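# this is the structure alone, sequence omitted:
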Ligand SMILES: Nc1ncnc2c1ncn2[C@@H]1O[C@H](COP(=O)(O)OP(=O)(O)OP(=O)(O)O)[C@@H](O)[C@H]1O
C-alpha cells in the first residue's frame, strides 16, 4: 500500500467488547486530505480515531498509516496526533507546562507563549489544568495540536464546549492543518461547521463507512 496515503484500511474489522465498530471496511485517505467522520452517538467515531492513532488493535484485516502498519505504535505515534474530546492534558501541570512537555515528548521546539496567546489563554498560562474550564481546556488542546503539527491530525469533536469565538478559532486552526499540506480527520456532530474545513465526509453506521455526497 502506497505512502502517499495517510490512511489505508483493507477489510478492517474492529470489535470492542460486544460492539462491532468496523465490518470489513476499506478506506483510502490521501495525504493532505480533510475528512469529517459523521455518525450517531455510539456509532464508533472515537473508536475509529483511536484505532488510527494505534491505541487500539484491529480485530482482523489490514491498516496502514503513512505506509506503516497501524499496529506499529512506535512509528505511527511519530506521525499522528489525536486531540480527544476531553482530557489529554495533565491536570496537575499548568497550561504552559503541558505545552512544553508535549513539545519535549516529540523532541520539538515551539513558542508556547505565542500558542497560548493565539487561543486566548495568556492569562491562564500558569494555572493548573484542573482549574481550567472545559472550553479553556479545549483551547489548550488546540494550542497543542497547532504546536505539534503532526502529518496526520485526528480531532474528536473540535467544536464541543467552545463559545462562538472559540468555534471560529477552531475553524481557523483546523483549516491551517490542511492548508499546510497535513491530513485532518475530525469526528463531529456539526456537519455544516466541519464542511468549512474538510472536503469529504464519511458516515459511520452499523460498522460501515459511507461517503456523503
Ligand atoms: N472501552 C470500551 N469497551 C467496550 N465498548 C466500548 C468502549 N469504548 C466505547 N465502547 C462502545 O463502542 C461503541 C462506540 O463508541 P464511540 O465512543 O466510539 O462512539 P462515538 O461515535 O464516538 O459516539 P459519540 O458521538 O457519542 O461520541 C459504543 O457502543 C460504546 O459503548
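The structure has been received and is ready for your questions. Since the model is a prediction, treat every value here as computed from it, not as a measurement.

# all contacts plus neighbour counts: C-alpha atoms, from now on.
OK.

# what does stretch 134-150 contact?
For stretch 134-150, the surrounding residues in contact (CA atoms under 8 Å, 6 or more residues apart in numbering) are 78-81, 83, 86-89, 95, 99, 102-103, 106, 108, 110-112, 115-116, 118-121, 129, 153, 158, 161-163, 166, 170, 173, 177, 182.

# list the contacts of residue 13.
With CA under 8 Å, 6+ apart, residue 13 has these contacts: 20, 21, 22, 23, 24, 25, 58, 59, 60, 61.

# out of the contacts of stretch 134-150, which touch the ligand?
By CA under 6 Å from any ligand atom, no member of the contacts of stretch 134-150 lies near the ligand.

# show me the contacts of residue 13 that map onto helices.
Nothing among the contacts of residue 13 maps onto helices, per DSSP state H.

# would you map the strands across the protein?
5-16, 19-30, 34-38, 60-65, 68-69, 80-83, 152-156, 183-187, 200-205, 208-212 (DSSP state E).

# mind showing which ranges of the chain have poor pLDDT?
1-3, 213 (pLDDT under 70).

# what does it have sitting close to the ligand?
16, 17, 19, 39, 40, 41, 42, 43, 44, 45, 46, 47.

# make it 8 Å
16-21, 38-48, 156-157, 187-189, 204 (CA under 8 Å from any ligand atom).

# how far away is the residue most central in space within the chain from the ligand?
The residue lying closest to the centre of the chain (CA atoms, centre = their mean) is residue 154, at 1.8 Å. Using CA to the nearest ligand atom, to the nearest Å, residue 154 is found at 13 Å from the ligand.

# run through the bridge partners of that residue.
Using DSSP bridges, the beta-bridge partners of residue 154 come out as residue 82, residue 185.

# offset the numbering so it begins at 29, please.
Okay, residue one is now 29; in that scheme the one you just asked about reads as residue 182.

# residue 109 is in contact with that one, correct?
Yes - here residue 182 reaches residue 109: they are 6.0 Å apart, a contact under CA atoms under 8 Å.

# picking up where we left off before, could you flag which of the residues of the chain next to the ligand are buried?
48-49, 66-67, 71-76, 184-185, 215-217, 232 (16 or more other CA atoms under 10 Å).

# quick check, nearest of these to residue 33?
residue 76 (17.0 Å; CA to CA).

# who are the contact partners of the closest one?
By CA under 8 Å, 6+ apart, the contact set of residue 76 is residue 49.

# the residue nearest to the centre of the chain and residue 236, how far apart?
As judged by CA to CA, to the nearest Å, residue 182 and residue 236 stand 19 Å apart.

# just to revisit the earlier point, contacts only, for the residue nearest to the centre of the chain.
Taking CA under 8 Å, 6+ apart, one finds 77, 108, 109, 110, 111, 212, 213, 214 in contact with residue 182.
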